[in-house]
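>>> Here is a sequence with its predicted model. Questions after.
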Amino acid sequence: MVSSSSNTLHTAYDSKIEGNVIITRVDAAINWMRKNSLWPMPMGLACCAIELMATASSRFDISRFGMEVMRFSPRQADVLIVSGTVTYKMALAVKRVWDQMPEPKWCIAMGACASSGGMYRSYAVLQGIDKLIPVDVYISGCPPRPEALIEGLMKLQSKIEGEHSTMDQKRTFIDEVA
Amino acid sequence: MSALADVTTLREAFGEKIWETLEFRGEHTVRVDLDALHAVLKKCKDDLGYEMILDISSIDHFGDDPRFEMAYEIASLDDSKHLRIKAKVSEDEAVPTATDLWLGADWHEREVWDMMGIPFVGHPNMKRILMWEGYPYFPLRKDFPLAGRPTDMPDVAFTGVAPLEGGPFVTSAGGEDVARREPRAQVVK
C-alpha cells in the first residue's frame, strides 16, 4: 500500500522508536564518536612515560573519558602521545610509528622535551617533535602531572568537536569536479 | 693489602713505566706509560685482586700533546679497595683492550670509542654504542660544539644544531668570575 505524502509524515512517527532518535549533523555524530573513543599510542621515551602510566592507572583513570585503550600497535591507535625526550637516534622511529597510524590521527607532545627539546640543548636531542610530526596539543611540564595530560586530552577532544570532516570532504570534491 | 701497598708493589714491578702516583683523600691514582698499561692492568687483576672494573673513561686535554688520557677505575670485592689507573694517549695511538681481563670492559670501551674516538686494539666488537654507525663526529671531544653539527644519513638518523642563545649551560672558559663565564648567571639585585 502506498500512502499519500501527508500520511507519510505521520507514519514516520512510531511510538516504539520515539525517544531513541536524535537528529544531528553527520559531522557532529562523527566527532562525537571519535572524541569519546580516543585510542592512544603511548610513545614512552623518558620520565614523562611514568606520568603517562599513572594517568592510565586507577587513581586518575582516563577510562572516564573513553581514552584508556592504550594500543601498542600504531595501526590500531588514534592519538600518538609522545611522552619524553626524542633523541635523534629515536626520531625516525617515532616518525615511522606516526606514518603507520591510520587517519584520522592526532598527536600530543607531552612535556618540555617532546615540545621543544626541553633542557636538552644538545647534539643528541631533536628540538621538538613538531619538526617531524604535526602536533595538535602541547603539554607543558617536566614532567606534566597526570591532571595536565588529562587536560591535554580533553583539549584534544574539544578540538575534535570542532572538526568538519564530511564538510571538508564535500568541499574538496566540489573543487575537484569544478 | 691496601691500595697504598698495591701502589708500592706496582712501582717496584714496573719502575720507569710508572710516571707518578697520586693520593687525594684516600684515593690512589697511578699514571702509567701507555706501553705498560695492559701489563699493569693485568697485574692488578691477576696478582693484586682487583676483580672488578667499575668504569673506563677518557679525558680530552685539548691543546696538549698527548691529547687524550684513559682512566680505569678498578676495585676488589672482598676488601673494597679502589685504584685508578691513568695513561696518556696521543691522537694517532690506539689503546690495548681490557676485555681480555674484565668482560665488563666491553661496553665501556665502546663508549670511549663512540664519544671520544679513541680506538682499541683487540676489542671483540669495536663499534659505536650510543650514536649510530656512520655518525661522523665524536661528540665528547672539546672541539665539538655543544649545539652539535648537522648530519644526515637517509633512513637511519639525522642531527641538527640546537639553539643555545647564550645559555643555559653555556660557559666560556677563562673568564675571571662566574658572571663572565656564564652570561646568564647574573646576580639578582
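Looks like it came in fine. Residues are numbered from 1 along each chain as shown, chains lettered A, B, ... in the order given.
>>> Kindly state the domain boundaries assigned to chain B.
Annotated domains of chain B cover B:3-144, B:151-189 [automatic domain parsing].
>>> tell me the most buried of these?
domain B:3-144 (a mean of 16; mean count of other CB atoms under 10 Å in any protein chain shown). All C-beta spots, glycine's among them, are computed from the backbone N, C-alpha and C.
>>> State the mean pLDDT of it.
For domain B:3-144, mean pLDDT is 91.
>>> returning to what we had before: quick one: which of the domains of chain B is nearest A:Met41?
Ranking the domains of chain B by their distance to A:Met41 (criterion: CB to CB) puts domain B:151-189 first, at 21.3 Å.
>>> quick one: average pLDDT of that closest one?
72.
>>> Could you pull up the residues touching the closest residue to chain B within chain A?
Closest approach of chain A to chain B (CB to the nearest CB) occurs at A:Tyr123, with a separation of 2.8 Å. A:Tyr123 sits next to B:137, B:139, B:144-149, B:159, B:162 when contact means CB atoms under 8 Å, 6 or more residues apart in numbering or on different chains.
>>> Tell me who's in contact with A:Leu132.
Neighbour list for A:Leu132: A:91, A:94-95, A:98, A:126 [criterion: CB under 8 Å, 6+ apart].
>>> Among these, which ones lie close to chain B?
Applying CB under 8 Å from any CB of the partner chain to the contacts of A:Leu132, one finds that A:91, A:126 fall near chain B.
>>> roughly how far apart are B:Ile74 and B:Ala147?
36 Å (CB to CB, to the nearest Å).
>>> what do you get for B:Arg84?
From B:Arg84 to B:Ala147 the distance is 32 Å (CB to CB).
>>> What ranges does chain A have for its strands?
Taking DSSP state E as the test, the strands found in chain A are A:40-44, A:79-83, A:106-110, A:137-139.
>>> got the CA positions of stretch A:78-98 in PDB?
What follows is the C-alpha trace of stretch A:78-98 in PDB, where atoms were taken according to Å, rounded to 0.1, in the frame of the first residue of the first chain:
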ATOM      1  CA  ASP A  78      44.200   7.400  17.100                       C
ATOM      2  CA  VAL A  79      46.400   9.600  19.300                       C
ATOM      3  CA  LEU A  80      50.200   9.400  19.400                       C
ATOM      4  CA  ILE A  81      51.300  10.600  22.900                       C
ATOM      5  CA  VAL A  82      55.000  11.500  22.500                       C
ATOM      6  CA  SER A  83      56.000  11.400  26.200                       C
ATOM      7  CA  GLY A  84      59.600  12.000  26.700                       C
ATOM      8  CA  THR A  85      62.900  13.100  25.200                       C
ATOM      9  CA  VAL A  86      63.100  12.400  21.500                       C
ATOM     10  CA  THR A  87      66.700  11.700  20.600                       C
ATOM     11  CA  TYR A  88      67.900  11.900  17.000                       C
ATOM     12  CA  LYS A  89      68.500   8.100  17.200                       C
ATOM     13  CA  MET A  90      64.800   7.600  18.000                       C
ATOM     14  CA  ALA A  91      63.400  10.400  15.900                       C
ATOM     15  CA  LEU A  92      62.900   8.500  12.700                       C
ATOM     16  CA  ALA A  93      61.400   5.500  14.600                       C
ATOM     17  CA  VAL A  94      58.800   7.900  16.100                       C
ATOM     18  CA  LYS A  95      58.100   9.300  12.600                       C
ATOM     19  CA  ARG A  96      57.700   5.700  11.300                       C
ATOM     20  CA  VAL A  97      55.200   4.900  14.100                       C
ATOM     21  CA  TRP A  98      53.200   8.100  13.200                       C
END
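>>> Reformat the domains of chain B into JSON lines and put distance to A:Lys16 next to each item.
Shown next, in JSON lines, are the domains of chain B (distance: least, CB to CB, whole Å):
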{"stretch": "domain B:3-144", "distance to A:Lys16": "66"}
{"stretch": "domain B:151-189", "distance to A:Lys16": "60"}
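>>> In TSV: those, plus distance to chain A.
Below are the domains of chain B laid out as TSV (distance: least, CB to the nearest CB, whole Å):
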stretch	distance to chain A
domain B:3-144	5
domain B:151-189	4
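>>> Out of these, flag the one nearest A:Pro104.
When the domains of chain B are compared by CB to CB, domain B:151-189 sits nearest A:Pro104, at 27.0 Å.
>>> Right, and chain A sits closest to which residue of chain B?
Closest point on chain B to chain A, by CB to the nearest CB, is B:Gly148, at 2.8 Å.
>>> Confirm that residue sits in a helix?
No - going by DSSP: H, G, I helix; E, B strand; the rest coil, the assignment for B:Gly148 is coil, not a helix.
>>> I'd guessed it sits against B:Tyr135; true?
No - counting by CB atoms under 8 Å, B:Gly148 does not reach B:Tyr135; the two are 10.7 Å apart.
>>> between those two, what contacts are shared?
B:Thr159.
>>> List, one by one, the residues from chain A near chain B.
A:88-89, A:91-92, A:117, A:119-127, A:131.
>>> What residues does A:Met53 make contact with?
Contacts of A:Met53 by CB under 8 Å, 6+ apart are A:Gly44.
>>> before we move on, the earlier item: farthest-apart pair in the contacts of A:Tyr123, please.
Taking CB to CB, the two most distant members of those are B:Tyr137 and B:Ala162; they sit 14.1 Å apart.
>>> give me the number of residues near A:Lys16?
Residues near A:Lys16, counting by other CB atoms under 10 Å in any protein chain shown, number 6.
>>> how close does it sit to A:Ile22?
Distance of A:Lys16 to A:Ile22, given as CB to CB: 16 Å.
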